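# following is a predicted model, sequence given first.
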Amino acid sequence: AHRTGLTMVAVHGRKPVAVLKVRDRAKSLEREQEALASLERLAPHTFSAPRPMGHGVAGPWYWSAQEVVFRRPHRPVLEAAPAFFEEVSAALAGLLPATGDGVPAHGDLTPWNLRRDHRGRVWLFDWEDWGLAPVDADRAYFSACSRAVGGPPMPTDLAPGAVAHHRPVIETRRRNASPGVTLPDQILAAFDEVEGR
């Protein structure tokens, strides 16, 4: 609800050739291409990311293209080791070094953006929101989203401030959600598990 645009798969004949994102602003798409290009050079060990295929403008719309990864069913990842989150941050460090304001973070690390393919390979998508965040912010958000959809309990060792970083955003989404949408409520309940300890 907080983003205008759409995502689609471009096909040639019956073969998918690219995942296309279309937005009314260029910045997030340019940033995503920048992150994907950096990840392509680094080749992380704990996850893979799609290959960037470029970005541009068409009339009033901005577009970004990346490789199609899945051709068979895939599933969300509901648990990830701390080393995974450390590698995500390290992979972004070349684009945005850690400062007193935080560490590099994906910014939208959820089970629906972290997928396991039919071979067992883990893929991380949706790099539009990367930037600086408190230590453990990615892990806190991923854990809360995973918990919201039936995943494991929240970690007990999250850094102070990790949950507080995301709570205002999710509260806003809850206020703006359509009637009957309960995901923001479930994410906030997961945050409450941590803060209630």
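On my side now, so go ahead. Residues are numbered from 1 along each chain as shown.

# where does the nearest residue to residue 177 once chain neighbours are set aside fall, secondary structure wise?
In space, and not counting its chain neighbours, residue 177 is closest to residue 184: 5.6 Å by Cβ to Cβ, 6 or more residues apart in numbering. (Each C-beta comes from the backbone N, C-alpha and C, glycine too.) For residue 184, the host element (DSSP states H and E) is helix 183-195.

# what about the residue nearest to residue 177, neighbour count?
18 (other Cβ atoms under 10 Å).

# and the residue nearest to residue 93 when sequence neighbours are not counted, how far is that from residue 41?
Distances taken as Cβ to Cβ, 6+ apart put residue 104 closest to residue 93, at 5.3 Å, once the chain neighbours are dropped. Residue 104 sits 15 Å away from residue 41 when distances are taken as Cβ to Cβ, to the nearest Å.

# so for these two, which sits in the more crowded spot?
Just comparing residue 104 and residue 41: by other Cβ under 10 Å the higher neighbour count belongs to residue 104, 23 against 8.

# would you mind giving the secondary structure of the more buried one?
Classification of residue 104 using DSSP: H, G, I helix; E, B strand; the rest coil returns strand.

# ok, it touching residue 96?
Yes - Residue 104 is in contact with residue 96 according to Cβ atoms under 8 Å; the separation is 4.9 Å.

# shared neighbours, the two?
Residues touching both residue 104 and residue 96 (Cβ atoms under 8 Å, 6 or more residues apart in numbering): 130-132.

# inside strands: which ones of the residues you listed?
Judged by DSSP state E, strands contain the following of those: 131-132.

# neighbour-wise, which of the shared contacts of residue 104 and residue 96 leads?
residue 130 (26 neighbours).

# how about low-confidence regions in this protein?
1-3, 181, 197 (pLDDT under 70).

# residue 98: how many residues sit nearby?
Look at residue 98: counted by other Cβ under 10 Å, it has 15 neighbours.

# nearest residue to it in space, please, no chain neighbours.
Closest residue in space to residue 98, ignoring its immediate chain neighbours: residue 104 at 6.5 Å, by Cβ to Cβ, 6+ apart.

# residues touching the one you found, list them.
89-93, 95-98, 130-132.

# hang on, the earlier thing: isn't the residue nearest to residue 177 up against residue 173?
Yes - Residue 184 sits in contact with residue 173 when judged by Cβ under 8 Å, with a separation of 4.6 Å.
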